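Undergrad: For reference, the sequence and a predicted model appear below.
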Amino acid sequence: AQKVTQAQTEISVVEKEDVTLDCVYETRDTTYYLFWYKQPPSGELVFLIRRNSFDEQNEISGRYSWNFQKSTSSFNFTITASQVVDSAVYFCALSEEGYSTLTFGKGTMLLVSP
Amino acid sequence: DGGITQSPKYLFRKEGQNVTLSCEQNLNHDAMYWYRQDPGQGLRLIYYSQIVNDFQKGDIAEGYSVSREKKESFPLTVTSAQKNPTAFYLCASSMAGRNTEAFFGQGTRLTVV
């Protein structure tokens, strides 16, 4: 069975601080896919990134970066110089090869204050 | 604009009544999904469909039913058998079988009164 754990329920930072959201996953498959989604107050989930299990390169997109480490089964997300607009719930998710359904973590609520 | 439309945004239901949540997509995706979100919880899969006229139960299908008569539409019925239906319901779609990202609608918040 697959599982995603986001141990941080809520994080509060002040604008311009860097913040890292943790994600630890469990799966028996050797081929799998990891995702991060953002859920702003409006409710819909916004896709941020998809990573397959064979690609351990870290990725940077503007102020966002992701660190994928198979050795620790982690896929952590860092926001550099946080902004108030980053306030949202962030979900990490996993899907196994050939299955398009997602297993989600419980999410981390990020509050960025001015 | 391409996307997923869920309606209504807010829904109130009396206990014992069935209610149907609408989900329509114009992304030409084969796969569609229904997830339920409760406060402090992640999203849990209710039902999914990989192709028209076929669907499978997810982790929490009891008390729910779906149909997939058209590629664009995947309505969810919350029946009176669902013991705790008050929740936020999210519909999503994706290309089938390729582990690509799913696109989500804006959700329907259902409250049982």
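TA: It's in. Residues are numbered from 1 along each chain as shown, chains lettered A, B, ... in the order given.

Undergrad: Leaving out the residues flanking it, which one is nearest to B:Val19?
TA: The shortest distance from B:Val19 to any residue that is not its chain neighbour, by Cβ to Cβ, 6 or more residues apart in numbering or on different chains, is 4.6 Å, and that residue is B:Arg13. C-beta: built from backbone N, CA, C; applies to glycine.

Undergrad: Whatever residue of chain B ends up closest to chain A and A:Ala93, how far apart?
TA: For chain B and chain A, the shortest gap (Cβ to the nearest Cβ) falls at B:Gly42, measuring 3.7 Å. Using Cβ to Cβ, to the nearest Å, one gets 8 Å for the distance from B:Gly42 to A:Ala93.

Undergrad: how about the residue of chain A found nearest chain B, what does it touch?
TA: Minimum separation of chain A from chain B (Cβ to the nearest Cβ) falls at A:Phe104, amounting to 3.7 Å. A:Phe104 is in contact with A:Val4, A:Phe91, A:Cys92, A:Ala93, B:Tyr35, B:Gly42, B:Leu43, B:Arg44, counting by Cβ atoms under 8 Å, 6 or more residues apart in numbering or on different chains.

Undergrad: what pLDDT does A:Glu97 get?
TA: A:Glu97 carries a pLDDT score of 82 in this model.

Undergrad: How about the residues of chain B by chain A?
TA: Among all residues of chain B, those adjacent to chain A (criterion: Cβ under 8 Å from any Cβ of the partner chain) are B:31, B:33, B:35, B:40-45, B:48, B:50, B:58, B:88, B:90, B:92, B:94-107, B:109.

Undergrad: mind listing the strands for chain A?
TA: Residue ranges of the strands in chain A, as given by DSSP state E, are A:3-5, A:10-14, A:19-21, A:24-26, A:32-39, A:46-52, A:59-61, A:64-69, A:74-79, A:88-96, A:103-104, A:108-113.

Undergrad: wait, does the lowest-mean-pLDDT helix or strand in chain A contact chain B?
TA: Between all helices and strands in chain A, the lowest mean by mean pLDDT, DSSP states H and E belongs to strand A:59-61, at a mean of 89. No. If you take Cβ under 8 Å from any Cβ as the test, strand A:59-61 misses chain B, and the best it gets is 14.1 Å.

Undergrad: Identify the residues contacting that strand?
TA: With Cβ under 8 Å, 6+ apart as the contact definition, strand A:59-61 has outside contacts at A:Ile49, A:Arg51, A:Ser65, A:Trp66.

Undergrad: my guess is the third one contacts A:Phe75, does it?
TA: No. At 11.6 Å, A:Ser65 and A:Phe75 do not qualify as touching, with contact defined as Cβ atoms under 8 Å.

Undergrad: what sits against the spatially most central residue of chain B?
TA: When chain B is reduced to its mean C-alpha position, the nearest residue by Cα atoms, centre = their mean turns out to be B:Trp34, at 2.9 Å. B:Trp34 makes contact with B:21, B:23, B:45-48, B:58, B:64, B:66, B:74, B:76, B:89-92, according to Cβ under 8 Å, 6+ apart.

Undergrad: Check A:Glu26 too.
TA: Taking Cβ under 8 Å, 6+ apart as the test, what A:Glu26 contacts is A:Ala1, A:Gln2, A:Lys3, A:Val4, A:Thr5, A:Ser73.

Undergrad: Many thanks, I have nothing further to ask.
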